[in-house]
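Sequence and predicted structure are below.
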Amino acid sequence: MNTWIRTVLVLALASLLLEPTVIAIGAAKENIPAEAGVGCDEFQQADSPAADTISPVPAIVGCITAESGDTKVGIVSGPSLSGVPLFPADHIWNTRVDSLPVDSQSAAYIGTIGSDVYVHADFGSGIYEGSPIGIPYNIVNGFQEKKTVLFDYADESDPGPYPIPDNPLMEGGSDRHMIIVDSDAKILYELFAAEKKADGSWAAGSGAVFDLSGYTLRPSGWTSADAAGLAILPGLVRYDEVNAGEINHALRFTASSTRRDYVWPARHFASAVTDPAYPPMGQRFRLKSSFNASAYPYQAQIVLTALKKYGMILSDNGASWYITGAPDERWNNDALHTLHELRGSDFEAVDSSSLIINQDSGQARTNQVVSKISRQIGVFRNSTRVFYQDYNGNGMWDGAVIDRAYHFGLSTDIPITGDWDGDSITDIGVFRPSARQFIFNTYPVTRTTFGLSTDIPITGDWD
């Protein structure tokens, strides 16, 4: 082969290998990557135990294939996005607060935000005023070209550069938040008021860079792309989590009036109000445990459960009780609109000071949540490959809106249960003798090869 032909072929191959990958979340469907295994036969909607009742539970994102192999895959701890952890499992964003005491200023905070003001799910499917509903995000790889950004608040912004793709997704309106995740470096980049100039350069109000594998907070007194100086992405409600059946992190929300103060983990305030009746940036709230969510549709129930367990963090000034999420065409807007029935009086402020290890670190003391003895039951039906869970613990099957039913695995698999993601909640899985694999219902699905095909699987907390 001629030398020049070899050269052309090598250059073409290098171009393909080095071309940056960009995943734009919240764009048209053709721009949303199919998750591995979605639509395969092992993961489907589940029929309820009663022959005449069909469960409305949607398919879980990510399904098990019959592939075998000897590669051991680690189990993801805490929430993740496309395999990238959104901070460690013991980060304050990912820490439960359902057992913490009510803040002494709770009634005052609820009153100034608005006890009779309705909650608003500020995300959904479709377009509103020319933009997707919510804050979208972009996923790039390490080859994405980085660009210089000119900041209005340069003294409190990370200089970058920022790996902005050619046609990035941004939030509509005046905030114009841009969120970018470098999936190789596990770095989060966020911009506020991002704007592309006529000459192709970029400007923004402020910008922040976060190591998603660590606990580092912004310097004290610094803003970020959010008024509280916090990251935005870890607090967004995302469809993939709701579809998988659980949100295991706190949510982001806004209030119309805040105090000239901030509490951990926030690093910045954005108010001239000094009245102690107004909440500081970073204040944690949760949905009262007495709130009855059983009649709400599936998507709303998952959000309500998260609001009870993980609560939400006051992160920015804006409309009161607006909860932020990422746009997705699979959202059921009618289901999300049922969240608008909630009022401020359904919430309470939480005193999370006992979780602080270091004021300059996002790591939380996680031994505050007292585990209760659980005798909730369930079964795995081999013939239909369905796990049926008595979710409310009353010993009866109440339908899949209240209880849970999941297709997972093959009819020849052996069911297993355990806490695969470190959130103190039991998860499902299977042991596949033919492949000698433990397969865990995490997001994404993970697996570990261990033992012999004739072994009987066991799980537990060995250390």
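Great, that's in hand. None of the values given here were measured: they were computed from a predicted structure. Numbering: from 1, shown residues only.

Could you measure from Thr417 over to Gln376?
10 Å (C-beta to C-beta, to the nearest Å). Placement of C-beta: from N, CA and C, glycine included.

Residues that sit against both of these two, list them.
Contact with both Thr417 and Gln376 is made by residues Thr426, according to C-beta atoms under 8 Å, 6 or more residues apart in numbering.

So Ser345, which state does it fall into?
helix (DSSP: H, G, I helix; E, B strand; the rest coil).

My guess is it contacts Ser115. True?
Yes: between Ser345 and Ser115 there is a contact under C-beta atoms under 8 Å: 4.3 Å.

Show me where this structure dips below the pLDDT cut-off.
For the chain, residues meeting the criterion pLDDT under 70 lie at 1-77, 367-375, 401, 422-424, 463.

redo that, cut-off 80
Within the chain, the stretches with pLDDT under 80 are 1-77, 367-375, 391-394, 400-402, 421-425, 443-444, 462-463.

Helices along that one, start to end?
3-18, 106-113, 239-244, 298-309, 333-337 (DSSP state H).

Which strands or helices does the shortest one pack on?
The contact analysis (3 or more C-beta pairs under 8 Å, 6 or more residues apart in numbering; DSSP states H and E) places helix 333-337 against helix 298-309.

same thing with the fourth one?
Under the contact criterion of 3+ C-beta pairs under 8 Å, 6+ apart, the helices and strands touching helix 298-309 comprise helix 239-244, strand 251-255, strand 284-287, helix 333-337.

try 7 Å
Judged by 3 or more C-beta pairs under 7 Å, 6 or more residues apart in numbering; DSSP states H and E, helix 298-309 is in contact with helix 239-244, strand 284-287, helix 333-337.

what sits up against that helix?
Under the contact criterion C-beta atoms under 7 Å, 6 or more residues apart in numbering, helix 298-309 has outside partners 56-57, 96, 98, 237, 242, 245-247, 251, 286-287, 289, 293, 296, 332, 335-336, 338-339, 401.

Now do it against strand 251-255, angle only.
Put simply, helix 298-309 runs at 80 degrees to strand 251-255, going by axes from the mean of the first three to the mean of the last three C-alpha atoms, to 10 degrees.

export helix 298-309 as CSV, just CAs?
This file holds the C-alpha atoms of helix 298-309, laid out as CSV (Å, rounded to 0.1, in the frame of the first residue of the first chain):
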residue,chain,number,x,y,z
TYR,A,298,-46.4,7.3,40.4
GLN,A,299,-44.1,10.1,39.2
ALA,A,300,-45.4,12.5,41.9
GLN,A,301,-45.1,9.8,44.6
ILE,A,302,-41.4,9.3,43.9
VAL,A,303,-40.8,13.1,44.3
LEU,A,304,-42.9,13.2,47.5
THR,A,305,-41.0,10.3,49.0
ALA,A,306,-37.7,12.1,48.3
LEU,A,307,-39.0,15.3,49.9
LYS,A,308,-39.8,13.3,53.1
LYS,A,309,-36.5,11.5,53.2
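
The closest residue to Gln283 other than its chain neighbours: how many residues sit nearby?
Distances taken as C-beta to C-beta, 6 or more residues apart in numbering place Leu314 nearest to Gln283, at 4.7 Å, with adjacent residues excluded. Using other C-beta atoms under 10 Å, Leu314 has 27 other residues around it.

do the same with Gly393
Neighbour count of Gly393, defined by other C-beta under 10 Å: 12.

quick one: it and Ala295, what's the gap?
18 Å.

picking that back up, looking at the helices and strands packed on helix 298-309, which is buried most?
strand 284-287 (a mean of 25; mean count of other C-beta atoms under 10 Å).

So which other helices or strands are in contact with it?
helix 298-309, strand 347-350.

go again using 6 Å as the cut-off
strand 347-350 (3 or more C-beta pairs under 6 Å, 6 or more residues apart in numbering; DSSP states H and E).

what's the strand it packs on packed up against?
For strand 347-350, the elements it packs on are helix 106-113, strand 284-287, judged by 3+ C-beta pairs under 6 Å, 6+ apart.

so how far is it from its chain's centroid?
Its chain's C-alpha centre and that of strand 347-350 lie 21 Å apart, by C-alpha atoms, centre = their mean, to the nearest Å.

for stretch 320-335, same thing?
Using C-alpha atoms, centre = their mean, the offset of stretch 320-335 from its chain centre is 13 Å.

Okay, buried residues for it please.
By neighbour count with 16 or more other C-beta atoms under 10 Å, stretch 320-335 contains the buried residues Ser320, Trp321, Tyr322, Ile323, Thr324, Gly325, Ala326, Pro327, Asp328, Trp331, Asn332, Ala335.

Any chance of CSV for these, columns distance to Trp202?
Putting the buried residues of stretch 320-335 into CSV (distance: C-beta to C-beta, whole Å) gives the following:
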residue, distance to Trp202
Ser320, 32
Trp321, 33
Tyr322, 27
Ile323, 29
Thr324, 23
Gly325, 25
Ala326, 22
Pro327, 22
Asp328, 26
Trp331, 29
Asn332, 35
Ala335, 37
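
ok so, going back, I'd guessed the residue nearest to Gln283 sits against Pro280; true?
No: counting by C-beta atoms under 6 Å, Pro280 is not a contact partner of Leu314; they are 7.6 Å apart.

List the contacts of His91.
Gly362 (C-beta atoms under 6 Å, 6 or more residues apart in numbering).

That one pairs with what?
Here His91 sits in beta bridges with Gln363, going by DSSP bridges.

which residue sits closest to His120, ignoring its sequence neighbours?
Of all residues not flanking His120 in the chain, Tyr322 sits nearest, at 4.8 Å (C-beta to C-beta, 6+ apart).

Against Leu339, how distant is the one you found?
Taken as C-beta to C-beta, the span from Tyr322 to Leu339 is 11 Å.

try Ser354
Computed as C-beta to C-beta, the Ser354 to Leu339 distance reads 29 Å.
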